[in-house]
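> What follows is a predicted protein model with its sequence.
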Amino acid sequence: MAAFSRNPATGALSFVEFKQDGVEGVDGLDGAIGVTISPDVKHLYAAGYFDDALAAFSRNPTTGTLNFVELKKDGVGGVDGLDGGWSVTISLGGKHLYAASYLDKALAVFSRNTTTGELTFVEMHNDGSGLIDGLAGAASVIVSPNGNQVYVAGTIYNTVTMFSRNSATVELTIAQIWRDGVGGVDGLDGASSIAISPDEKHLYTSGRDDDAVAVFSRSVPSADLEIVKTGSLDPVTVGTNLTYVITITNNSTSTATTNVQIKDKLPPGTTLVFAEAIGGSCAGTTDITCTFSTLAAEASSTATIVVKVDSGASRMLTNNASATADTLDSVISNNSYKAVTTGPPVPSMSVWALAALSVILPLTFSGRVRRRIVGRRSVGDWCLDDHHVVLQSADARYGHRDDVLLPERKFRRGHYRCAGQNSRHVGDVVVTLEPVG
């Protein structure tokens, strides 16, 4: 097994390392012929034709280097269907691995630990068992992107065999067989490799002995997920709860959808209180994912997310939700929804000052001049009248712009110079009066 680093811009390769059967504990690579990487790119699996085995490696996503994890060998520990292992693939969710074996004429199924990469044998489907046909010389296996079908190319019988796959139980059922020269099919002599287009509408098979590529169109059942979202209260204030109700509907009249997920990112300045889904489950704290295993045709379900509005919330709270599923979606324009809620009012200058300002600013008055003073816990106007000094305060403790007598003494008529500043005691004010002239 040779590993190369790749320049994404030029495609140029640089050799990194190789893993060899029988060296440093590596096993299962004798006659290595098929290889696949897990969807999370953390593990690699190789089929060893002469070893009748699968070799599992952990993979460093940054360097690409490999470490041997384990071996699964035909006839050992109940494993079957790996005699002449040729091709290997993994389901989109990464939970199952499928291996096609040339000599066993079989498709072996394993469950996969997505954390450790270790495999557990589940079952084998072999040629001639029940209605299964076309697996002699099984040389290539692929799972459809929607996870609903598994295709196997049979080199000896010149076939493509399709299994239906239950995404929830992963049970396989023989569904259809295409054979070279039958029903107008051509180009499958020595069928050896399979690929499916990203839009899932076409399947391509190489015919080694036909010197050809056979093209098939795929009739893919599709659903139509639609998401609608509401938010209440509106407007909201600091400390109140904001409730989002998300309704997910499958508008298809005939196709159920599987592994439905609602993804919701909470607005900044909010804290999750709880999230729940009818018929499903929710996880996360700031990025919420609510999952439903299935959603029948013309069915709906809801998820409820409640958040608390924090003091740092913006004037407008924008929340985006989107929906995905394993089943092909015929209309994606209705798969997302944005809810906008009016947030807390912008604080007045007095509130900001009460909460944040700590600079002591000396102020001088002469005569009846009124000036602005900003203190540690107060914002208002000092003014000197004929009898006393007052603070017209915006401090919430005194009400809005109430007159507060500071200090509690009176002075004779005349002109004074008033110097005011905050003391270290929160809310206190020190005033010094000096005669002018």
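The structure has been received and is ready for your questions. Just so it is clear, the model here is predicted, and its values are computed rather than measured.
> For the rest of this, base every contact and every neighbour count on C-alpha atoms.
OK.
> Please enumerate the strands of the stretch 201-350 of the chain.
202-207, 212-217, 222-223, 225-232, 241-250, 257-265, 270-277, 281-283, 287-295, 300-309, 316-324, 328-329, 336-342 (DSSP state E, counting those that start in this stretch).
> list the contacts for Gln20?
Neighbouring residues of Gln20 by Cα atoms under 8 Å, 6 or more residues apart in numbering: Met1, Val26, Leu29.
> okay but the second one is in contact with Lys19, surely?
Just to be clear, that refers to Val26. Yes. The pair Val26 / Lys19 is scored as a contact, 7.2 Å apart, by Cα atoms under 8 Å.
> if I look at Ile196, how far off is Gly181?
22 Å (Cα to Cα, to the nearest Å).
> So for these two, which sits in the more crowded spot?
Neighbours per residue (other Cα atoms under 10 Å) separate Ile196 from Gly181, with Ile196 holding more: 20 against 13.
> tell me which residues in stretch 165-172 are buried?
Burial within stretch 165-172, assessed by neighbour count using 16 or more other Cα atoms under 10 Å, is assigned to Arg165, Ser167, Val170, Leu172.
> now do stretch 268-286
Gly269, Thr270, Thr271, Leu272, Ala275, Glu276, Ala277, Gly280, Cys282.
> what's the answer for stretch 125-133, then?
Result for stretch 125-133 [16+ other Cα under 10 Å]: buried residues His125, Asn126, Asp127, Ile132, Asp133.
> So which of the residues you listed are in helices?
Using DSSP state H, no member of the buried residues of stretch 125-133 sits in helices.
> Which stretches in this structure count as helices?
With DSSP H as the criterion, the chain has helices spanning 349-356.
> Would you mind giving the domain segments of it?
For the chain, automatic domain parsing gives the domain ranges 2-220, 223-342, 349-435.
> related to what we said a few turns ago, among the strands of the stretch 201-350 of the chain, which comes closest to Thr63?
Distance to Thr63, taken as Cα to Cα, is lowest for strand 287-295 among the strands of the stretch 201-350 of the chain, at 29.3 Å.
> helices or strands up against that closest one?
When contacts are defined as 3 or more Cα pairs under 8 Å, 6 or more residues apart in numbering; DSSP states H and E, strand 287-295 packs onto strand 257-265, strand 270-277, strand 281-283.
> Can I get those strands in JSON lines including distance to Ala339?
JSON lines is the format used below for the helices and strands packed on strand 287-295 (distance: least, Cα to Cα, whole Å):
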{"stretch": "strand 257-265", "distance to Ala339": "11"}
{"stretch": "strand 270-277", "distance to Ala339": "14"}
{"stretch": "strand 281-283", "distance to Ala339": "19"}
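> Any idea which of the ones you listed gets closest to Ala99?
That would be strand 257-265 among those, by Cα to Cα, at 24.1 Å.
> List the buried residues of that closest one.
Buried, per 16+ other Cα under 10 Å, within strand 257-265: Thr257, Thr258, Val260, Gln261, Ile262, Lys263, Asp264, Lys265.
> Pairing partners for the second one in the sheet, please.
Using DSSP bridges, the beta-bridge partners of Thr258 come out as Thr294.
> Settle this for me: Asp27 is touching Leu71, isn't it.
Yes. Counting by Cα under 8 Å, Asp27 touches Leu71, with 6.5 Å between them.
> Which one's more surrounded, these two?
Between Asp27 and Leu71, Asp27 has the larger neighbour count (other Cα under 10 Å), namely 23 against 20.
> Can you pull the poorly scored residue ranges out of the stretch 101-250 of the chain?
Low-confidence segments of the stretch 101-250 of the chain, defined by pLDDT under 70, are located at 168.
> what do you get if the cut-off is 80, keeping everything else the same?
146, 167-170, 219-222 (pLDDT under 80).
> can you check the stretch 251-400 of the chain too?
In the stretch 251-400 of the chain (pLDDT under 80), the answer is 326-330, 345-400.
> ok, and what's touching stretch 232-248?
225-231, 300-311, 313, 323, 341-345.
> before we move on, back to that, possible to save the strands of the stretch 201-350 of the chain as CSV with distance to Phe50?
Shown next, in CSV, are those (distance: least, Cα to Cα, whole Å):
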stretch, distance to Phe50
strand 202-207, 24
strand 212-217, 28
strand 222-223, 42
strand 225-232, 47
strand 241-250, 48
strand 257-265, 38
strand 270-277, 50
strand 281-283, 45
strand 287-295, 40
strand 300-309, 51
strand 316-324, 42
strand 328-329, 39
strand 336-342, 50
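> Tell me which two of the buried residues of stretch 165-172 sit farthest apart.
Ser167 and Leu172 (9.6 Å).
> show me what contacts the residue found closest to Ala175 once you drop the neighbours it is linked to in the chain?
Ranked by Cα to Cα, 6 or more residues apart in numbering and with sequence neighbours excluded, the top spatial neighbour of Ala175 is Phe163, at 5.1 Å. By Cα under 8 Å, 6+ apart, Phe163 lies in contact with Gln149, Val150, Tyr151, Leu172, Thr173, Ile174, Ala175, Gln176.
> any idea how far Phe163 lies from Ala195?
15 Å.
> Burial check on Leu253, number of neighbours?
Not Leu; residue 253 is Thr. 12.
> Over to it: give its phi and psi.
When read as degrees, to the nearest 10, the backbone of Thr253 gives phi -90, psi -10.
> residues contacting it?
Going by Cα under 8 Å, 6+ apart, Thr253 touches Ala297, Glu298.
> Against Leu295, how distant is it?
Taken as Cα to Cα, the span from Thr253 to Leu295 is 12 Å.
> likewise Gln261?
10 Å.
> same check, this time on Thr243
24 Å.
> Comparing these two, which shows the higher neighbour count?
The neighbour comparison of Thr243 against Leu295 (other Cα under 10 Å) goes to Leu295, with 22 against 19.
> what's the nearest residue to that one if we skip its chain neighbours?
Using Cα to Cα, 6+ apart, the nearest residue to Leu295 is Thr257, at 5.3 Å.
> what sits against the one you found?
Per Cα under 8 Å, 6+ apart, neighbours of Thr257: Ala223, Asn250, Thr294, Leu295, Ala296, Ala297, Ala325, Asp326, Thr327.
> if I pick the first one, what's in contact with it?
Residues touching Ala223, when contacts are defined by Cα under 8 Å, 6+ apart, comprise Asn250, Asn251, Ser252, Thr255, Ala256, Thr257, Ala297, Thr327, Leu328, Asp329, Ser330.
> again, only this time at 7 Å
Contacts for Ala223 (Cα atoms under 7 Å, 6 or more residues apart in numbering) come out as Asn250, Asn251, Ser252, Thr255, Ala256, Thr257, Thr327, Leu328, Asp329, Ser330.
> cool, the second one as well?
Listed by Cα under 7 Å, 6+ apart, the contact set of Asn250 reads Ala223, Asp224, Leu225, Glu226, Leu295, Ala296, Ala297, Glu298, Ala299, Ser300.
> are any of those buried, and which?
Buried among those by 16+ other Cα under 10 Å: Ala223, Asp224, Leu225, Glu226, Leu295, Ala296, Ala297, Glu298, Ser300.
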